[in-house]
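Undergrad: sequence and predicted structure are below.
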Amino acid sequence: MSSDVAAVAPPLTRREFLYYLWGASIALFMAEMGGALVWFAFPRFKEGEFGGIINVPIADIPPPDAGPKDFPAARIWLVNIGEGRLSDGRQPDEYAIKPGVKALYKICVHLGCLYKWVPTNDRFECPCHGSKYLTTGARIDGPATRNLDAFPFEFVDAQGNVLAKSGLMGSGKVEEGDAVEIPEGAVALRIDTGQRIQGAPNTEPGGGT
Ligand code: FES
């Protein structure tokens, strides 16, 4: 008799077939769950909408010491701190400020109301519990316990080259950032509304209205 007859695998039993089918279903389910987790884990903000990069033409930035400019869709008050603001006696001494642009988040850092710009008092005021802030972002009164939050940004030229940026752009840090003056040749400001910078702690004077 010949001994080189090829061995033939026995057919799957019904039990084995169901076992493999069950395993494949579990593997498929896990792969779908993994994909869903990745989908939800990464933000999907488009450029130009809140949560993504907001492009602001230089012409839309208010002049130094003018009132702030409202960008409702971006949830930003854009301010330009000039020499007049630097010498504002209401500015708390412990928060050194620089001239230039800041992109302030429009939400009050106390309990989340929308604060307003009040030109007659030359300051932001929150209608909910009376916190008050200067255009530098400094809290000067009310129950809030820190300065306003802001967003990091960068100035770019017509080719998209970065000419200057706030110290925190892309850094992942959350400390209060400095203002940055508009550099020569800048055509646009790019604000990253996906990376909020927390205002510095500030509780003096406290509890006013
Ligand atoms: S939410 Fe603005 S002062 Fe309370």
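TA: Thanks, I have it.

Undergrad: okay, domains of this protein per the record?
TA: Taking automatic domain parsing as the criterion, the chain consists of the domains 12-42, 53-192.

Undergrad: of those, which stretch is the most buried?
TA: Of the domains of the chain, the one with the most neighbours on average (mean count of other Cβ atoms under 10 Å) is domain 53-192, at a mean of 18. Backbone N, C-alpha and C define where each C-beta goes, glycine included.

Undergrad: between the two ends of that one, how far is it?
TA: One end of domain 53-192 to the other measures 5 Å (Cα to Cα, to the nearest Å).

Undergrad: just how off-centre is it within its chain?
TA: Counting by Cα atoms, centre = their mean, to the nearest Å, domain 53-192 is centred 13 Å from the centre of its parent chain.

Undergrad: adding distance to the ligand and mean pLDDT as columns, could you present the domains of the chain in a markdown table?
TA: Output for the domains of the chain, formatted as a markdown table (distance: least, Cβ to the nearest ligand atom, whole Å; pLDDT from 0 to 100):
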| stretch | distance to the ligand | mean pLDDT |
| --- | --- | --- |
| domain 12-42 | 30 | 71 |
| domain 53-192 | 3 | 90 |
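
Undergrad: in a markdown table: those, plus distance to Asn202.
TA: A markdown table is the format used below for these (distance: least, Cβ to Cβ, whole Å):
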| stretch | distance to Asn202 |
| --- | --- |
| domain 12-42 | 34 |
| domain 53-192 | 5 |
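
Undergrad: of all those domains, which one comes closest to Gln198?
TA: Taking Cβ to Cβ, domain 53-192 is the member of the domains of the chain nearest to Gln198, at 4.8 Å.

Undergrad: so where do the strands sit in this protein?
TA: In the chain, the segments counted as strands under DSSP state E are 53-57, 69-71, 76-81, 100-105, 116-118, 123-125, 132-133, 139-141, 150-151, 153-156, 162-165, 188-192.

Undergrad: rebuild these as a markdown table, extending it with distance to Ala200.
TA: Formatted as a markdown table, these follow (distance: least, Cβ to Cβ, whole Å):
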| stretch | distance to Ala200 |
| --- | --- |
| strand 53-57 | 23 |
| strand 69-71 | 23 |
| strand 76-81 | 16 |
| strand 100-105 | 13 |
| strand 116-118 | 21 |
| strand 123-125 | 16 |
| strand 132-133 | 12 |
| strand 139-141 | 9 |
| strand 150-151 | 11 |
| strand 153-156 | 18 |
| strand 162-165 | 20 |
| strand 188-192 | 19 |
